[in-house]
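Chemist: predicted coordinates and the sequence they were generated for:
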Amino acid sequence: MRQAPEPFTRHKAGRGILFYAQQQILVRMGSLKAGLAKAVITPPVGTKLCGYSARTQPSTGVLDDLYAKALVLDDGETRLALVVCDLLWVGRKLASDVRKKVRKQSGIREENVMVTAIHTHYGPDIEQADKSYIENVESQAAGAVAAACNRVKNARVGFAAGECRVGMNRRNPQSSYKPYFLYSWPQGVIDPSVTVARIEDEARRVMGVLVNYACHPVTLGPNELNISRDYPGHALRVLEDVFGEDTVAMFVNGCCANINPAWVFDRPDVSPPPPPVFPESTEERVRETRRLGQILGGEALKTLQSVTNLTSEANMKAEQSSVSLPIRKDIPKDLSHWIRRTKVGEKDYLTRQRLAKKTITTEVQAFRLSDAAILGLPSEVFVEFQLEIKRESPLKHTFVSELANDSIGYVPTAEAFKEGGYEPTVSVFTPDAGSKLAQAAIGLLRKL
């Protein structure tokens with residue numbers, strides 16, 4: 001191979017592009033193409049926020065914008081689209097409407113589109129938001145996919161996993177205030193994995209990155225009235241500052257149903273642990289949110305920069321399946337009352353099924369890209385199931401996204417139902433529902 005006079009000199013060759021580097025490294029671009037884009041979905045100030053039932057005041061400001069971000073992957077025969085919205089959750093209707101708009105605008109089959117949320121507790125209350133805002137979210141999300149399609153180009157991708165401890169198990173059995181009631185437990189189960197994807201173009205510029213980590217975005221506390229992406233926003237900002245503003249950095253939240261941030265406001269070293277005390281100042285709360293986000297962002301950056309074995313061979317596939325999860329017969333009175341007064345009322349499928357105490361049929365979805373999978377689960381799932389799914393996955397790297405394509409509530413472990421506490425109390429499912437969901441996910445991954 002000849003020595004090129006410049007660091008990178010391009011030469012067309014067959015289907016791909018050859019790059020000659022001074023180090024005489026040869027890279028062949030193969031069949032993978034990718035495109036990324038984002039659109040702002042920040043609601044108007046005054047919109048009611050979602051995530052805390054006791055927080056009834058409307059939003060009073062914006063700390064950082066909310067986005068709908070899209071990653072489009074193409075192997076020449078199939079196109080897949082991942083859409084991540086900076087929302088608390090994505091219901092099945094919103095996901096369905098986005099998919100239909102994507103099909104109409106971009107031609108991507110609905111079953112090849114995954115729509116998920118980062119689960120920020122400082123975003124709009126979708127159930128009470130104006131219809132015009134919901135329509136705007138749907139249009140912006142579908143528009144981001146269309147823009148990503150317009151930017152599709154030859155690409156290569158690499159994966160890796162690091163570790164950090166931004167998240168901590170929140171079901172502390174030593175709590176005296178209500179056992180297992182949202183108090184940090186350092187000895188509890190977590191998934192410390194920070195799984196990343198690095199997507200480069202022909203010139204080895206980073207087009208986009210994907211970061212997967214499991215932790216509740218509640219770092220600002222229950223009294224915050226400003227709109228925010230929470231710690232994921234600060235984590236992604238670290239990556240954007242390094243790779244450049246043209247890079248689209250995306251965050252996918254893992255199974256964080258029983259994982260809270262490792263706040264400085266907590267005192268898990270005290271026995272019994274007291275409730276976390278949040279400062280009154282937004283500035284002080286943001287300082288802690290930024291700290292946790294930058295820890296995650298720093299680990300993601302280190303891991304992304306370690307990715308050197310990238311591939312342009314797509315090996316893409318999409319699978320989805322329906323799964324029916326059984327509803328418990330002993331729904332607590334308070335939860336039953338909440339279901340009955342839900343704004344969407346009797347016309348909503350979930351409400352009708354919950355009140356009838358029947359099964360809920362929902363969707364599990366998975367994409368394959370090279371030796372990695374992106375798995376979408378429809379609910380707030382305990383982290384133990386994510387660990388099980390990753391152990392049983394036949395692929396080297398598995399990105400797990402909860403709250404994808406649907407939002408059906410908490411899915412705790414059978415052990416958690418025996419222990420009691422917040423999540424099992426507000427869950428409508430039987431103790432074996434989580435295992436059914438995990439097995440459906442594992443079966444789907446094995447089909448990829």
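Modeler: Cool, got the structure.
Chemist: only C-alpha atoms, please: export stretch 316-332 in PDB.
Modeler: Presented in PDB, the C-alpha positions along stretch 316-332 are these (Å, rounded to 0.1, in the frame of the first residue of the first chain):
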ATOM      1  CA  MET A 316     -29.400  -5.500  10.500                       C
ATOM      2  CA  LYS A 317     -32.700  -7.000  11.600                       C
ATOM      3  CA  ALA A 318     -35.800  -5.900  13.400                       C
ATOM      4  CA  GLU A 319     -38.200  -8.100  15.400                       C
ATOM      5  CA  GLN A 320     -41.300  -7.400  17.500                       C
ATOM      6  CA  SER A 321     -43.800  -9.500  19.400                       C
ATOM      7  CA  SER A 322     -46.900  -9.100  21.500                       C
ATOM      8  CA  VAL A 323     -46.800 -10.200  25.100                       C
ATOM      9  CA  SER A 324     -49.800 -10.400  27.500                       C
ATOM     10  CA  LEU A 325     -49.100  -9.600  31.100                       C
ATOM     11  CA  PRO A 326     -51.600 -10.700  33.800                       C
ATOM     12  CA  ILE A 327     -53.300  -8.100  36.100                       C
ATOM     13  CA  ARG A 328     -53.600  -8.700  39.800                       C
ATOM     14  CA  LYS A 329     -57.100  -9.200  41.300                       C
ATOM     15  CA  ASP A 330     -56.200  -7.300  44.500                       C
ATOM     16  CA  ILE A 331     -55.600  -3.800  43.100                       C
ATOM     17  CA  PRO A 332     -55.300  -1.400  46.100                       C
END
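Chemist: tell me where the stretch 201-350 of the chain has helices.
Modeler: 231-243, 282-305, 333-340, 349-356 (DSSP state H, counting those that start in this stretch).
Chemist: for those helices, which has the smallest mean pLDDT value?
Modeler: For these, the bottom mean pLDDT is recorded on helix 349-356, which sits at a mean of 53.
Chemist: where exactly do the strands run in the stretch 151-300 of the chain?
Modeler: Taking DSSP state E, counting those that start in this stretch, the strands of the stretch 151-300 of the chain run over residues 153-154, 156-163, 167-169, 193-200, 206-213, 226-227, 248-253, 259-261.
Chemist: in JSON lines: those, plus mean pLDDT.
Modeler: Formatted as JSON lines, the strands of the stretch 151-300 of the chain follow (pLDDT from 0 to 100):
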{"stretch": "strand 153-154", "mean pLDDT": "97"}
{"stretch": "strand 156-163", "mean pLDDT": "98"}
{"stretch": "strand 167-169", "mean pLDDT": "97"}
{"stretch": "strand 193-200", "mean pLDDT": "98"}
{"stretch": "strand 206-213", "mean pLDDT": "98"}
{"stretch": "strand 226-227", "mean pLDDT": "98"}
{"stretch": "strand 248-253", "mean pLDDT": "98"}
{"stretch": "strand 259-261", "mean pLDDT": "97"}
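Chemist: between those, which gets nearest to residue 186?
Modeler: Closest approach to residue 186 among those is made by strand 167-169 (6.2 Å; Cβ to Cβ). Where C-beta positions appear, they are placed from N, C-alpha and C, glycine not excepted.
Chemist: what is that closest one packed up against?
Modeler: With contacts taken as 3 or more Cβ pairs under 8 Å, 6 or more residues apart in numbering; DSSP states H and E, strand 167-169 sits against strand 259-261.
Chemist: mind listing residues that contact the strand it packs on?
Modeler: For strand 259-261, contacts defined as Cβ atoms under 8 Å, 6 or more residues apart in numbering pick out 166-170, 182, 184, 190-191, 214-216, 218-219, 231, 292, 383.
Chemist: off-centre distance for it?
Modeler: 15 Å (Cα atoms, centre = their mean, to the nearest Å).
Chemist: cool, stretch 394-401 as well?
Modeler: Distance, centroid of stretch 394-401 to centroid of chain: 13 Å (Cα atoms, centre = their mean).
Chemist: buried stuff in it?
Modeler: 395, 397, 398, 399, 400, 401 (16 or more other Cβ atoms under 10 Å).
Chemist: can you redo these as JSON lines with secondary structure, pLDDT and distance to residue 415?
Modeler: Formatted as JSON lines, those follow (DSSP: H, G, I helix; E, B strand; the rest coil; pLDDT from 0 to 100; distance: Cβ to Cβ, whole Å):
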{"residue": "395", "secondary structure": "coil", "pLDDT": "98", "distance to residue 415": "28"}
{"residue": "397", "secondary structure": "strand", "pLDDT": "98", "distance to residue 415": "28"}
{"residue": "398", "secondary structure": "strand", "pLDDT": "98", "distance to residue 415": "23"}
{"residue": "399", "secondary structure": "strand", "pLDDT": "98", "distance to residue 415": "26"}
{"residue": "400", "secondary structure": "strand", "pLDDT": "98", "distance to residue 415": "20"}
{"residue": "401", "secondary structure": "strand", "pLDDT": "98", "distance to residue 415": "24"}
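Chemist: so which pair among those residues is furthest apart in space?
Modeler: Greatest spacing in the buried residues of stretch 394-401, by Cβ to Cβ: 395 and 401 (15.0 Å).
Chemist: circling back: possible to save the strands of the stretch 151-300 of the chain as TSV with distance to residue 326 and mean neighbour count?
Modeler: Shown next, in TSV, are those (distance: least, Cβ to Cβ, whole Å; neighbours: other Cβ atoms under 10 Å):
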stretch	distance to residue 326	mean neighbour count
strand 153-154	46	16
strand 156-163	34	20
strand 167-169	26	23
strand 193-200	30	24
strand 206-213	29	25
strand 226-227	37	20
strand 248-253	26	26
strand 259-261	25	26
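Chemist: mind checking these for the one nearest to residue 47?
Modeler: Closest among the strands of the stretch 151-300 of the chain, once you apply Cβ to Cβ, is strand 226-227, at 7.7 Å.
Chemist: just checking: what are the partner strands of the closest one?
Modeler: Strand 226-227 pairs in its sheet with strand 61-62 (parallel), by DSSP bridges.
Chemist: quick one: residues contacting the closest residue to residue 71 other than its chain neighbours.
Modeler: Nearest residue to residue 71, sequence neighbours excluded (Cβ to Cβ, 6 or more residues apart in numbering): residue 82, at 4.5 Å. Listed by Cβ under 8 Å, 6+ apart, the contact set of residue 82 reads 70, 71, 73, 114, 116, 210, 250, 367, 374.
Chemist: now the last one, which residues is it bridged with?
Modeler: For residue 374, the beta-bridge partners under DSSP bridges are residue 367, residue 399.
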